Structures are given as C-alpha cells and as structure tokens.
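**Q** Below is the sequence, then the predicted model.
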Amino acid sequence: MTRNARRAYEQLKRKNNYTMDSSTIMCQTMLAAIDDPSWLAKVWSYIGIFAGFSFIIFVHELGHFAVAKWSGVRVEQFAIGFFREIFGFTKGETRYSFNLLPLGGYVKMLGQEDFEVDTTGELQYRDDPRSFANKPVGVRMAIVSAGVIMNLLLSLTLFIIIFSVGKRVQSPRVGATLPGRPAAAAGILSGDVIKSINGSSVDEFQDIPMTVMLAKPGEPLEFVVERDGEMMTFNVVPEVNASEDIFQIGITSPQIATLVNVGPGYDPENPKHPRPGDTIVAMGDTEVTKDNANSMLNLLATDPLKYDSVVVERLPIDAPKDAKPERVSVDLEPRIALRRLDMVDPSLYGLVPLARFSSVDPGGRADLAGIEVGDIILQWGDIENPTALQIEKSILKPHKSDWGPAERDIPVKLLKHDTGKVVNKTVRPKIKVVPLLRIQKGKPTIGAQFEMLADGYLRVASVVETTMDKETPAAQAGIPVNAMITKVNDKPVKSWVQLAEAFRKNAGTDVVVSYDLGAEKDLTATMSIPRSLRSILGVGPEASIISVNGEERIKVERNGISKVYSVNYPVALYDALKASVGETAEIQYRPGPLSAIETKSVEVTEDMLVPWVGATAYTVDVIAGGETMILRKTNPIDAVRLGVKKTYFFVMQVYQVIERMIVSRTLGVDKISGPVGIVDIGSKMARGGFIDLLWFLALISANLAVINFLPLPIVDGGLMVFLIIEKIKGSPISVRVQVATQVIGLVLIATAFLYVTLNDLAG
C-alpha cells in the first residue's frame, strides 16, 4: 500500500468496533487492495490457467481432427469450449470456433455427434462415404482414441521440458517422524533419504505421500532408505489419518536449520528471543549441520523440554551487508498441543484452555476488526471463556434475513498479546451468496485461524465432565470454569506445559491445585492424577508405543464406524489396554524418536486406561525453512525417462483414486476437485512461475486422458465400448440403446459436475 492508503486503512481499523456496516467493510477491503501488486498477479494467473486449459483441449480435439481428416471423414466443426461461439472462422468445409465456456470441446464429424444425441433416433448421413459412421470399426477406434493419445503425449512432452529446464522440489528426505506413527514404529528416522517405495524410485518428497495415500489397506509398503551412506529396507503399513481420512505414515517434509517464522510470543527486539532468519547452529553440546539438521530439528519438535535454549547465528539489526553473523543463545518457550480423546474438546485431564489467534489474513475480516496474531479470546458473542470448538460453531452458525443468508456482527473480547490489555472488537464473518438464487456458497469465514490453546494463559475455558466413559480428574476435583490456575502442590505454574509436567510427574497421587476465581484468591482443589501407561513406563509424550501384546494395529469402532490405527493412537491404546485389564501386557515402546525399542511387562489396571500423557505433545513455536533441490536431467534420455515415469504415475494415480473411492471406499469423494477447485489450484501454481504452470498443465492433461477414456457414455471411453461391442457382434448397437445410454451418461456426468462444483464452493 501507499503511505496514505495505509494511514486510511489503519484509521478505519480503529473505527468503533461494534458497528461494522457494509460500506465500512467495502471501503476497508478496497483500501487493502490499493497498490497491492498481488491482484495483478492473480489476474495473470487466471489468464494463464484458462489459456492452458484451452491449449490442452485444443491438443485433445486436434487428435480427433487430424486422424479424422487422415481417414477421409468430413469434419464439420472444430470447437474449443461449449455454449455460444465467441469468435470463429470457416475454412474449407470446417467451422473453427472458440466458445463461451472453455471447459471442454468437440469435433463434429459427419454422421457422429460428439456431444449431442440425435433427437431423430437415426444416424445421419449413413450412406455418405465420408460419414464417420460409415468408416470401418478400426478407423473409428483410431479417431476416438486419438484425443487421449494426444493428451498423454502432451503430458509427456511438458514433463520432459520441465525436467530438462529444472524444477525446484522438496528433497526426498524425512524431516521428522511423528511419535507412534507407522514410519517411526517401523524404524525410519529423521534425516533418512527415501530412495524407493515398492521398487518405484522416489525423485522428490511429494512422491512419498502420493504413493502412501494410494496404498492398499493393510498392506505394507517396502521403503528403501539411505542412512549414513548405507541402504536399509523397512516395511511400513500406512494408517488412516482420522482428521483427513487418508492414508499417512507420519513423516514431515525435510527442513533446513534457518527459521522462516516464529510465534507471536517472541519479541523481535529481544536479543534472547528467536527471529526469522536465525540459523540454529547448536543444541546443547551438539553442533547442528546440514547433515544432521533434520534429526536435530525433530528432537527439538518432539522433545523441546530438553532444549530450553539453542545457539543461533544472526546478523545484527541494521548491520551492513558485509557484516559477519554473530552467535547468540536464544530462549525457546515449549508449547503444548492436545489430542482429542473422545467426541469432546481436547483437554488436559479435563481442563480445557482458552483459544488464541494463530494467523490473521491481511485485509480479512479479522484483520479489519483489529484482531492480531497471538490475541487470546476471552469472549465470543455471548460465550464467556469460549473453547476453540465453540468459536468454530459460532462462526459457522447460519444467519438469515428476509432476503436469504446474511452476515452478522459478533462482539469479541480479547486479551492483547503485546500489551496485556483487555479490548472489545467486533468481527463479521464473511459469507458468499449466489446472486438471484440467494443461496449461500461455502462456509462463513473470518480470514483467521485460531489454536485450541492459549499456552501462557492458565484460565480454564471449560471442564470436560467425562472422557472415554470416565469422569475426568478436573470434574472430580470440582475445578470451576474461569479458574486461573496458579500453583500445583504450592509450586507456581505459568504455562500449560508446566501444568502438564506437574501432573505427569505426580501420576498416581493427589495434587493440590491452587487457583484464583475473580476476586477470590488462592482457592484450592484436590485433584487425583491417574496413572497412565507412559507414566508407568517412565516416559513422556515424546515416546512411541509400538505394540501391546504383539499387536501393533488395533481396529477401533466408534459410532458405527470402524478404522484401524496404530496402538500409539490414543483411542487405539485405550481399546488395547481395556482388553487386558487385570492381566499382564507386554509393551514394546520407543522412549524417544532416536531411541531403540524397549520391552516391558505391565500389569494393566482400570485406572490407567485413559492415555492422558499420550494425548499431549510438546513443540516449539518456531518454523524452519524447507529443504529443496532442483530436479533437473541434463541427459535427454534421463529427462524422457523421468517424463514417462511422471506421466505413468499420474495416469495410474487417477485409476487408483477411482478404485479407492468406488471399490474399496477408503477415500472420501470430498477429496476430489471440480472445475472451481482446479482453477483455484491452477491459478496458485501459475503464480509460482511458468514451470509450475507447465507442471500443473501436464498433470491435468494426464488426468484428462484417463477421465476421457473411462467406459462412460458421452466421453470417448463410452464410444470405444460401443465400437468394441460392434466389432465383436458384427453390427452396431441399436440407436435406441445408444440414445438411452447417452441420456443416462449425460445425467450422471451433470450430477457429478454439480456435486464437485458444490464441494469446491463449500471448501
């Protein structure tokens, strides 16, 4: 923004926060866009993606056109897009046109309608020797399949160009292994380089999750990894991620030791706090190098209590360009994350913390209301001390006027992260409405994300009464909502991490929790901290439970839905232990991400079933940069080989996705994108540069080849089925059958198109 625009924008943000009328929001939004070059980039990205789509369709139809002409078939029209013609010309016997909606195309040949059904029920121009219908079956098969072949060749050509020039990709190195997840349980370590999966070479990190996502349920994948120059093989069984309903193995992408972002709790002016641009060079007594950066960052992420400070290299503020970086010891504040144990808010032994804003989109509704990253939410609407789940439900709550869906103001009370002052704001969730129809598109949004945990603020937002059919320790103790916890056994606690550690270290005993409640100070409650498997094993959240009585994976049934999880997953561990109550169970576990597997026999009792310790995890509020590389093949043969591999990979991926959605039902239909989603994703990739745009178009071209050749009426694959039947039986399918199947196919495709479009809008 210009200086004047920024000043006006800030003045509007400071306007009375309890009155945000539509004109104010519109003015704010317009000012936020002044002098913002990103809008021009977006416009060019949409132009680029539509031009790319049109080119893909042109190549597809060119295949039909060229083979038809070569075969002596009269081509009446060559069209890109559907509906009304925007421009075109006639040359010879063919009309060439560009139509209004460039999401398809057709070649209209004499005797064959590529996208319309003949309403007369008869094949036209049957007696004309240049009619498509009068050509031999083999010739018609060649014409029908030519479009798909051209799309495959286009995809291959684009990939060859991409890999000849070079594309920046994430390295196929394991960044971190999440405790207890399949990769960690199998023995894969942070820093391992994945060379192949089930015999297929891995060229970049993205090959890993895509291969895993399409794995067959319950079948192990053979991972070949390189570790310290040695090749090692591991069998990993992917598991379903509960929140995303896709197969995962629990690894993150590789990182470098340079920080790109830090949490709102860190002051950039404080030399003892980390800053973006800092490079971690030492943790404890260990130097952090390029070779061990991933494993060290993994240790920091999974067991941050061991590293309350690290050494970084940084340039002094306002240092000249030729200045040398200096080494500085900076303090890290561990944070806690809570896993959901049941269909209730995640909690710490029943205590639910307040939420805080973790990100705010510039120019979004939250930003316009004056909300900042790190602000703690004390009240949301009429809900005091709201939980993250309550806030989410409030934002999504429908609001209607006499004219249909309408926006509404929500008063918010915040504790500012920087000043500690309590302020009142008003935010208006944004909704999109279909004109004329007055139908809401998608979900209301405020342009911000919030975390379920305001870590440095120990006020209790809610108390969960029961978890896994057991009364929670907090509910038993009678700790009230709005309590500000101050001590455990007379020892001060200042964060949820300290509170969790105090509870963990006192597992199996009663503790005295001190808290303030409004004007009342130093109130107490006795809280019984139950034992858990991890407390008995003497380990914390960083540990992984590998197996219980030899069982590494457990089928979990909840609310009529059955899924298989590793026993480290809280609900799976609960079920595994419950089956062994009163007996001795053999537990295999890994105390830390780099530790060897240990075995211990444990007598299972009723009081240790709820995995409270396993439902917590510690991390640090810093983000390291990603490790990337240029994937380039200077040898043309290698570029062709990789191009063939990628084309084959994306073609097979479509077939596997279809199988996963329709046959095995292990992939939700909501995971696919329609035209709106494709354009949105494509425009974002186009903004990444020309090579990224080519990559996306190569992927779409390969997808189009598969979709177009599925055995469905209307598309090329359906016509190919008719031709195969005609070849076998010696006569064409009856016109009545063709008309019926075309109508059914048209309805099915229109329904699918509508569904994925609405799914895109809802997302």
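**A** Arrived safely.
**Q** and the helix or strand harbouring Arg504, how far out from the chain's middle?
**A** Using DSSP states H and E, Arg504 sits within helix 496-505. Once both centres are worked out by CA atoms, centre = their mean, to the nearest Å, helix 496-505 turns out to sit 31 Å from its chain's centre.
**Q** Okay, buried residues for it please.
**A** Of the residues in helix 496-505, 496-504 count as buried by neighbour count, 16 or more other CB atoms under 10 Å. Where C-beta positions appear, they are placed from N, C-alpha and C, glycine not excepted.
**Q** Equivalent analysis for stretch 362-369, please.
**A** Under 16+ other CB under 10 Å, the buried positions of stretch 362-369 are 363-369.
**Q** first to last residue in it, what's the distance?
**A** Length of stretch 362-369, first residue to last, CA to CA, to the nearest Å: 11 Å.
**Q** Could you do stretch 588-602 as well?
**A** End-to-end distance (CA to CA), stretch 588-602: 10 Å.
**Q** can you point me to the longest helix in this structure?
**A** helix 38-70 (DSSP state H).
**Q** tell me the mean pLDDT for the helix or strand following it?
**A** Where DSSP H and E defines the elements, the next helix or strand beyond helix 38-70 is strand 75-91. The predicted model assigns strand 75-91 a mean pLDDT of 86.
**Q** Residues contacting strand 75-91, please?
**A** 54, 57-58, 61, 65, 68-69, 93-110, 115 (CB atoms under 8 Å, 6 or more residues apart in numbering).
**Q** Which residues outside the very next helix or strand once past that strand are in contact with it?
**A** Once the chain leaves strand 75-91, the next helix or strand it forms, by DSSP H and E, is strand 94-109. Contacting residues not belonging to strand 94-109 are listed as 50, 53-54, 57-58, 60-61, 64-65, 68, 73-90, 114-115, 131-132, 143, 675 [CB under 8 Å, 6+ apart].
**Q** again, but for stretch 559-575
**A** Here stretch 559-575 has contacts from 179-182, 185, 217-218, 239-240, 242, 339, 341-343, 468, 533, 544-548, 551-556, 558, 576, 609-611, 614-615, using CB under 8 Å, 6+ apart.
**Q** Which ones among these map onto helices?
**A** Using DSSP H, the contacts of stretch 559-575 in helices are 182, 185, 533, 576.
**Q** What is the burial count for the last one?
**A** This means Ala576. Using other CB atoms under 10 Å, Ala576 has 27 other residues around it.
**Q** for the third one, same thing?
**A** By the other CB under 10 Å criterion, the neighbourhood of Leu533 contains 27 residues.
**Q** That one: what's its closest spatial neighbour, skipping adjacent residues?
**A** When the adjacent residues along the chain are set aside, Leu533 lies closest to Met608, with 6.0 Å between them (CB to CB, 6 or more residues apart in numbering).
**Q** isn't the one you found right up against Ile529?
**A** No - Met608 lies out of contact with Ile529 (CB atoms under 8 Å); the separation is 11.5 Å.
**Q** Pull out the buried positions in stretch 503-519.
**A** 503-504, 506-507, 511, 513-516.
**Q** Could you dump those into a markdown table with distance to Val737 and pLDDT added?
**A** Formatted as a markdown table, the buried residues of stretch 503-519 follow (distance: CB to CB, whole Å; pLDDT from 0 to 100):
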| residue | distance to Val737 | pLDDT |
| --- | --- | --- |
| Phe503 | 71 | 94 |
| Arg504 | 70 | 90 |
| Asn506 | 76 | 93 |
| Ala507 | 71 | 92 |
| Val511 | 77 | 96 |
| Val513 | 76 | 97 |
| Ser514 | 80 | 97 |
| Tyr515 | 76 | 96 |
| Asp516 | 79 | 95 |
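**Q** Lys729 and Gly718, how far apart?
**A** 17 Å (CB to CB, to the nearest Å).
**Q** more neighbours, the two?
**A** Each of Lys729 and Gly718 has its neighbours counted (other CB under 10 Å); Gly718 has more, 20 against 9.
**Q** coming back round to it: for the residue nearest to Leu533, which residues are in contact?
**A** Per CB under 8 Å, 6+ apart, neighbours of Met608: 530-533, 536, 577.
**Q** need the contact list for Ser171.
**A** By CB under 8 Å, 6+ apart, the neighbours of Ser171 are 193, 204-205, 254, 627-629.
**Q** and with 7 Å instead?
**A** When contacts are counted by CB atoms under 7 Å, 6 or more residues apart in numbering, Ser171 touches 205, 254, 627-629.
**Q** number of nearby residues for Ile391?
**A** 21.
**Q** Only the buried residues of the host helix or strand of it, if you could.
**A** Using DSSP H and E, Ile391 sits in helix 388-396. Across helix 388-396, burial judged by 16+ other CB under 10 Å covers 388-392, 394-395.
**Q** cool, stretch 346-356 as well?
**A** Buried residues in stretch 346-356 (16+ other CB under 10 Å): 346-356.
**Q** how many other residues sit next to Val73?
**A** Val73 - counted by other CB under 10 Å - has 27 other residues nearby.
**Q** Contact partners for it?
**A** 109-110, 130, 132, 135, 143.
**Q** Could you point out which of those residues is nearest to Thr524?
**A** Ile143 (84.4 Å; CB to CB).
**Q** any idea how far that closest one lies from Val137?
**A** On the measure of CB to CB, Ile143 and Val137 end up 11 Å apart.
**Q** Between these two, point out the one with more neighbours.
**A** Ile143 (27 against 16).
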